[in-house]
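> Prediction below, plus the sequence it came from.
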Amino acid sequence: SSNSNEHFWSHEWGKHGTCAKMANQSAYFRRTLDVRAAHAPGPAFINFTSVHHDHQVKASALTDAYRQLYGAAPMLGCHIEDGRQYLAEIGVCLGVASLTPEDCDRSVERIHDEVNNCNDDSPIWVRPAKAASVELLAPQ
């Protein structure tokens, strides 16, 4: 049906899940959701975004705040609204075996340019962290 997410799930399984070496699709998606929950913005990052809510910050400040929590730099996805660049998404690369955050390879950053499109030379306006999403990217 047109309201079904079947295409999305099929795409995710075909692109990422088939390399995950898990027993089946159900196990892969269950594990994916567990990992996503484990690496969602934690209280310290949410506090950072709350303190800076409706303020301009540099991309390096956001990256440093996330790195302090997880030990790896995120990719930052932004969108433009009313001439301002707003943080919309945080992309995190995970080690294939460990499923822990690690710095993204440059090739992953180029492939996922929609998640890594913030202009580092322009200020980023921050909304509360609950408005941003986290995309976990396992190297292929």
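Everything's here; your move.
> So for the longest helix along the chain, what gets flagged as buried?
Ranked by residue count, the top helix of the chain under DSSP state H comes out as helix 25-38. By neighbour count with 16 or more other CB atoms under 10 Å, helix 25-38 contains the buried residues 28, 29, 32, 35. Bear in mind the C-beta positions are built from the backbone N, C-alpha and C, glycine included.
> Mind listing the strands the helix or strand residue 87 falls within pairs with, and their directions?
Element membership of residue 87, judged by DSSP states H and E, is strand 84-94. According to DSSP bridges, strand 84-94 has the following sheet partners: strand 75-81 (antiparallel), strand 101-102 (antiparallel), strand 124-125 (parallel), strand 133-137 (parallel).
> Per-residue pLDDT of the residue most central in space within the chain, please?
The centre of the chain sits closest to residue 91, judged by CA atoms, centre = their mean, with a distance of 2.3 Å. pLDDT, residue 91: 82.
> Residue 52 now?
Residue-level confidence at residue 52 comes out at 67, pLDDT.
> Low-confidence bits of the protein, can you list those?
For the chain, applying pLDDT under 70 flags the ranges 1-4, 41-45, 49-50, 52-54, 109-110, 112-114, 128-140.
> what about residue 85, neighbour count?
19 (other CB atoms under 10 Å).
> Correct me if wrong: it contacts residue 119.
Yes. Counting by CB atoms under 8 Å, residue 85 touches residue 119, with 6.1 Å between them.
> list residues touching both of those two?
Residues touching both residue 85 and residue 119 (CB atoms under 8 Å, 6 or more residues apart in numbering): residue 78.
> what number of residues lie near residue 55?
By other CB under 10 Å, 11 other residues sit near residue 55.
> Please apply the same query to the one 3 residues further on.
The number of residues packed around residue 58, counting by other CB under 10 Å, is 13.
> ok, now which ones touch it?
With contact set as CB under 8 Å, 6+ apart, residue 58 has these partners: 120, 123, 124.
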